[in-house]
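> coords below, sequence missing:
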């Protein structure tokens, strides 16, 4: 049973947190509706979902939104974040799946109390240390080079099929969020193939930050730097059972970030991801406005 919400002032307090996130409304569209044209495309919706979910998750985990607080309604959240109610509904489903909120039919969504185990989760511990992009890359290099070394000698045909599937999914989409998930799936498939559960748990513990980094990597043209090995080349070495080549290609693949991230290297991972999502949304808005005016 969710805690009983306080008076309507509680909702107003939460609403106030996101006043700066409100987007200019289109007078021709009702509140919380998806604006017509390219703005309604799936890529923009996934970026909006990512932005809103990360903001609410951060505020719940940090205690800025207290346990027992009733979140604003779907319509209010949609208006505050300049999104559709469908996007907000997806965000709430995600938060509920993470056990951060409890949805009470007819009453609303309430922030849940986190168990001590959840509060001590590795991701929370890492984020408390405010790791930078550079530090994440430095940690990934020894971890993932060792994973691919073991995977090259131990991968089954089923493991190789999982790697191929992730590689194909990444290459088949232009949606940056879908690309980032496929990227994560590829690296996880290598972890599984290493047959070392400790290494896979270690990778899983930083997967949230890796996903944030991959959002940027998969929308950055410089990631295609000539001669740098990516997933196809790493997979090719694993398939050939060439341990030295697989390790060298994974290492070079991960080092690319140190050369291409520029000033973002020394930003906190979550700050970098938030800034980049805002940049991508701004680009999507500019493209939409250009299409609407015929330019």
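Everything's here; your move. The structure presented is a predicted model; accordingly, all values stated were derived computationally and were not measured.
> any chance you could map the strands in the stretch 101-250 of the chain?
Here the stretch 101-250 of the chain has its strands, by DSSP state E, counting those that start in this stretch, at 101-104, 108-111.
> can you say which of those is nearest to residue 213?
strand 101-104 (26.4 Å; C-beta to C-beta). (C-beta placed from N, C-alpha, C; glycine too.)
> tell me the mean pLDDT for that closest one?
Strand 101-104 carries an average pLDDT of 90.
> just stretch 277-284 next, same as before
Averaging pLDDT residue by residue across stretch 277-284 gives 78.
> run a quick neighbour tally on the nearest residue to residue 170 once chain neighbours are set aside.
Excluding its sequence neighbours, the residue lying closest to residue 170 (C-beta to C-beta, 6 or more residues apart in numbering) is residue 182, at 3.8 Å. Look at residue 182: counted by other C-beta atoms under 10 Å, it has 22 neighbours.
> now do residue 211
Neighbours around residue 211, by other C-beta under 10 Å: 17.
> quick one, which of the strands of the stretch 101-250 of the chain is nearest to residue 245?
That would be strand 101-104 among these, by C-beta to C-beta, at 47.0 Å.
> what's that closest one packed up against?
If contacts are counted by 3 or more C-beta pairs under 8 Å, 6 or more residues apart in numbering; DSSP states H and E, strand 101-104 sits against helix 85-97, strand 108-111.
> what does it contact?
Outside strand 101-104, the residues that touch it by C-beta atoms under 8 Å, 6 or more residues apart in numbering are 1-2, 60, 71, 92, 95-96, 109-112.
> what's the pLDDT at the residue nearest to residue 233 when sequence neighbours are not counted?
Excluding the flanking residues, the one nearest residue 233 by C-beta to C-beta, 6+ apart is residue 249, at 5.3 Å. pLDDT recorded at residue 249 is 97.
> wait, what's in contact with residue 249?
Residues counted as contacts of residue 249 (C-beta under 8 Å, 6+ apart) are 229, 233-234, 237.
> look up how far residue 149 lies from residue 243.
6 Å (C-beta to C-beta, to the nearest Å).
> quick one: average confidence on the helix or strand that residue 58 is a member of?
Assigned by DSSP states H and E, residue 58 belongs to helix 42-61. Helix 42-61 shows a mean pLDDT of 82.
> right, and residue 56 touches residue 88 too?
No - with contact defined as C-beta atoms under 8 Å, residue 56 does not reach residue 88; the gap is 9.8 Å.
> residue contacts, the closest residue to residue 255 other than its chain neighbours?
The shortest distance from residue 255 to any non-neighbouring residue, by C-beta to C-beta, 6+ apart, is to residue 141 (7.2 Å). Listed by C-beta under 8 Å, 6+ apart, the contact partners of residue 141 are 251, 254-255.
> pull out the buried members of those.
Among the contacts of residue 141, the ones that count as buried by 16 or more other C-beta atoms under 10 Å are residue 254.
> for the stretch 101-250 of the chain, what spans make up the helices?
Secondary structure of the stretch 101-250 of the chain (DSSP state H, counting those that start in this stretch): helices at 116-119, 122-128, 133-154, 157-172, 176-193, 197-205, 207-217, 231-239, 243-260.
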